[in-house]
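*Asks:* for reference, the sequence and a predicted model appear below.
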Amino acid sequence: MTELLLARAAIADLVHTYALHVRTGNGSRCADLFTDDAFFEIREAFVSNGDAARVRARLEGKEAIASYVSRTATPEARVCPFIYNLLIDVHGRNATSNCLMTTLVWSSGHQLVGEYRDSFRFDDRWRFSSRVFTILGEFALAPVTPTTR
């Protein structure tokens, strides 16, 4: 039971560390979070139209993934991901998880809602072996104007 709890805690930390690197604009630091043979797929399956998921992008290998995250997670864009409902299932040296994510892009007031389905492998530590992110919806938030008191 202790090993299971330690694995779940390490995997939860991995998921949140990825979000931290995105939020702080340090996408290049994500490479070490993935196995060498990992893939990352971005899909869209908007709830409003009910269509099957369409693949937007598929990245193969941890360097390609880190490069992509670096391009999309810059300090100028100020992307702020929030992770919810993280469920982790551990089977020995492999694991899977599912979670919801909302993100705010501060510069544009854009919000994205999606779901991650992740796979993990333990070698010297837990790493992502795959990430599949499905976009469920995108929204434009109304800008907030400063008020004077």
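*Replies:* Looks like it arrived, so ask away.
*Asks:* now Ala19: which helix or strand?
*Replies:* helix 2-23 (DSSP states H and E).
*Asks:* how far does the helix or strand just after that helix sit from the chain's center?
*Replies:* Using DSSP H and E, the helix or strand that follows helix 2-23 in sequence is strand 34-44. Taking the mean of its C-alpha atoms, strand 34-44 sits 10 Å from the chain's own mean (CA atoms, centre = their mean, to the nearest Å).
*Asks:* with stretch 70-90 instead?
*Replies:* Worked out by CA atoms, centre = their mean, stretch 70-90 lies 5 Å from the chain centre.
*Asks:* in this protein, where is pLDDT below threshold?
*Replies:* 46-51, 73-77, 142-149 (pLDDT under 70).
*Asks:* ok, for Arg8, nearest residue in space, not its chain neighbours?
*Replies:* Ile88 (4.8 Å; CB to CB, 6 or more residues apart in numbering). Backbone N, C-alpha and C define where each C-beta goes, glycine included.
*Asks:* gap between Asp123 and Glu60?
*Replies:* 18 Å (CB to CB, to the nearest Å).
*Asks:* what helices or strands is the helix holding Ala19 leaning on?
*Replies:* strand 79-91, strand 94-105, strand 110-122, strand 126-140 (3 or more CB pairs under 8 Å, 6 or more residues apart in numbering; DSSP states H and E).
*Asks:* could you rerun that using 7 Å?
*Replies:* For helix 2-23, the elements it packs on are strand 79-91, strand 94-105, strand 126-140, judged by 3 or more CB pairs under 7 Å, 6 or more residues apart in numbering; DSSP states H and E.
*Asks:* any chance of those strands in TSV, plus distance to Gly114 and mean neighbour count?
*Replies:* TSV is the format used below for those (distance: least, CB to CB, whole Å; neighbours: other CB atoms under 10 Å):
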stretch	distance to Gly114	mean neighbour count
strand 79-91	10	15
strand 94-105	5	17
strand 126-140	5	17
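*Asks:* before we move on, the earlier item: can you pull the buried residues of the helix holding Ala19?
*Replies:* By 16 or more other CB atoms under 10 Å, the buried positions in helix 2-23 come out as Ala7, Arg8, Ala10, Ile11, Ala12, Leu14, Val15, Tyr18, Ala19, His21, Val22, Arg23.
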